[in-house]
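In: Show me how the following folds:
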Amino acid sequence: MKLYIKNMVCSRCKMVVKSELEKLGLQLFSVELGEVETISEISDLQKKEIAHHLKLFGFELIDDKKSRIIEKIKLLIIDLVHTKNNNINSNLSDYIVGHLSQDYNTISNLFSEVENTTIEKYFIHQKIEKVKELLMYDEMNLSEIAFQLNYSSVSHLSNQFKKVTGFSPTYFKQLKNNKRKQIEDL
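Out: Here you go, the predicted structure:
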């Protein structure tokens, strides 16, 4: 039986979900981002117990088809940006359609209706979050970050960053450094 779980976004999430479901006595066949397959069937009472238990860790069981599709789109984008560094050989819509095997207009409209934003804007926000993360690590310069995330140029990255955050990447980095100094002074 498959369980669909919201908010699983990284390998640590997979480990937590696996561990907690095993504590509840479930035998698992596989644990992937957003999806767990159990060996045996699960009763409605067990589902309620699982839902309650996972909620303590910030996860939610997803029962309806629309929510599952939305979560799959989000997980595809998160994986693409945070694991694969936006490294695809096609455009975003083809990438998503290739993984979901559904009409892009349909899933795009559904995503916009439920999330109040477009798939493209969600994708851009995820890319900006990755840029912030890389700026915080302070191991790469802006040119390297732009290249890694497949931006056409540093200025394109900078413009998109400022549009989303209200700050230039350089200013954001200075803010981060100032906050770190204040904490270290304590």
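
In: and the residue most central in space within the chain, which of the three is it?
Out: For the chain, the residue whose C-alpha lies nearest the mean C-alpha position (Cα atoms, centre = their mean) is Ile78; its distance is 3.3 Å. The three-state assignment at Ile78 reads helix, by DSSP: H, G, I helix; E, B strand; the rest coil.

In: so what's it closest to, chain neighbours aside?
Out: With sequence-adjacent residues excluded and distances taken as Cβ to Cβ, 6 or more residues apart in numbering, Ile78 is closest to Val9, at 5.3 Å. C-betas here are computed from N, CA, C, even on glycine.

In: What is the burial count for the one you found?
Out: Residues lying near Val9 (other Cβ atoms under 10 Å) number 15.

In: Check the secondary structure at it for me.
Out: Using three-state DSSP, the structure places Val9 in coil.

In: List the contacts of the residue nearest to the centre of the chain.
Out: Going by Cβ atoms under 8 Å, 6 or more residues apart in numbering, Ile78 touches Val9, Leu33, Gln126.

In: JSON lines please, covering those and showing pLDDT and distance to Phe167.
Out: As requested, those are exported to JSON lines (pLDDT from 0 to 100; distance: Cβ to Cβ, whole Å):
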{"residue": "Val9", "pLDDT": "81", "distance to Phe167": "24"}
{"residue": "Leu33", "pLDDT": "85", "distance to Phe167": "30"}
{"residue": "Gln126", "pLDDT": "93", "distance to Phe167": "18"}
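
In: between those, which is nearest Ile73?
Out: The shortest gap between Ile73 and any of the contacts of Ile78 belongs to Gln126, at 11.3 Å (Cβ to Cβ).

In: Is the closest one within a helix or a strand, and which one?
Out: Assigned by DSSP states H and E, Gln126 belongs to helix 119-137.

In: what packs against that helix?
Out: helix 65-82, helix 92-100, helix 104-115, helix 142-148, helix 154-165, helix 169-185 (3 or more Cβ pairs under 8 Å, 6 or more residues apart in numbering; DSSP states H and E).

In: Provide the contact partners of that helix at residue level.
Out: 73-74, 77-78, 80-82, 85-86, 92-93, 96, 107-108, 111-112, 115, 117, 140, 145, 148-149, 157, 160-161, 164-165, 169, 172-173, 176.

In: Would you mind giving the domain segments of the protein?
Out: In the domain annotation for the chain, the residue ranges read 2-63, 66-119, 124-185 (automatic domain parsing).

In: contacts for stretch 48-55?
Out: Stretch 48-55 has contacts (Cβ under 8 Å, 6+ apart) with Leu3, Ile5, Val17, Glu20, Leu21, Leu24, Leu26, Ile42, Glu60, Leu61.

In: again, only this time at 7 Å
Out: By Cβ atoms under 7 Å, 6 or more residues apart in numbering, the surrounding residues in contact with stretch 48-55 are Ile5, Val17, Glu20, Leu21, Leu24, Glu60, Leu61.

In: Good, we can wrap up now.
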